[in-house]
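Peer 1: Whatever this is, show me its structure:
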Amino acid sequence: MKHRIRWTLLVLSVLVPLLTVTESSAQDTEIMIAYEARKKSGTAAGILGLLPVVGHVYAGNTVKGLLPATLTVGGVIVVAASQPILDAEGSPGGQALGLLMAAAGTLWSTVSAVGAAKEFNRDLLERLGTERVTMGMSYHPHRGVGLSFSVPIRVRLFTCRGGWGGSEAES
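Peer 2: Numbering: from 1, shown residues only. This is a model prediction of the structure:
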């Protein structure tokens, strides 16, 4: 009798997860298809980030790209309005500063656009509902049957939206 119960529990511990995996696998497949259709490419955002604000528009966070764009455009204006790179005494003029500003703004914009695309993709997965409670069963010859639950918990204390430091608490 004792062996029959063990075998029954063993068979149940194998079959129950298989039945639930089939249902959740179909659901996961639908979620991943929707995710793949909507996700943003970090590479494309980085390449588009070479142009002021364009990478951030692609990644869905235009406001975050305004500050690096201001630095880039300001650098171009400084270059256009200043003296040649070396003045009469051989010291660097305003163009060097403008070139540095434009290069820093472009680099900042590129890196920030890649981060904005990753943030968009992470938020997309959360909106699609990939996090859910799962249940599993296992059988160990010496310990018996085990039942496990997996509950995903994500805590985000502060989120900065918009790029100018306006953080808001999420619960």
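
Peer 1: check which helix or strand covers residue 69.
Peer 2: Residue 69 belongs to helix 66-81 when elements are defined using DSSP states H and E.

Peer 1: Check which helices and strands that helix sits against.
Peer 2: Packing partners of helix 66-81 (3 or more C-beta pairs under 8 Å, 6 or more residues apart in numbering; DSSP states H and E): helix 94-128. Yep, even glycine has a C-beta here, placed from its N, CA and C like the rest.

Peer 1: what pLDDT, on average, does the helix it packs on get?
Peer 2: Model confidence over helix 94-128, given as mean pLDDT, is 89.

Peer 1: List the buried residues for it?
Peer 2: For helix 94-128, burial by neighbour count (16 or more other C-beta atoms under 10 Å) applies to 94-96, 98-99, 101-102, 105-106, 108-110, 112-117, 119-121, 124-125.

Peer 1: Same question for stretch 54-61.
Peer 2: 54, 55, 56, 58, 59, 60, 61.

Peer 1: Nearest to residue 38 among those?
Peer 2: Of all the buried residues of stretch 54-61, residue 60 has the smallest distance to residue 38: 10.1 Å, by C-beta to C-beta.

Peer 1: Next, count neighbours for residue 8.
Peer 2: For residue 8, the neighbour count with other C-beta atoms under 10 Å is 11.

Peer 1: That one belongs to a strand?
Peer 2: No: secondary structure of residue 8 (DSSP: H, G, I helix; E, B strand; the rest coil): helix, not part of a strand.

Peer 1: Thanks a lot, see you next time.
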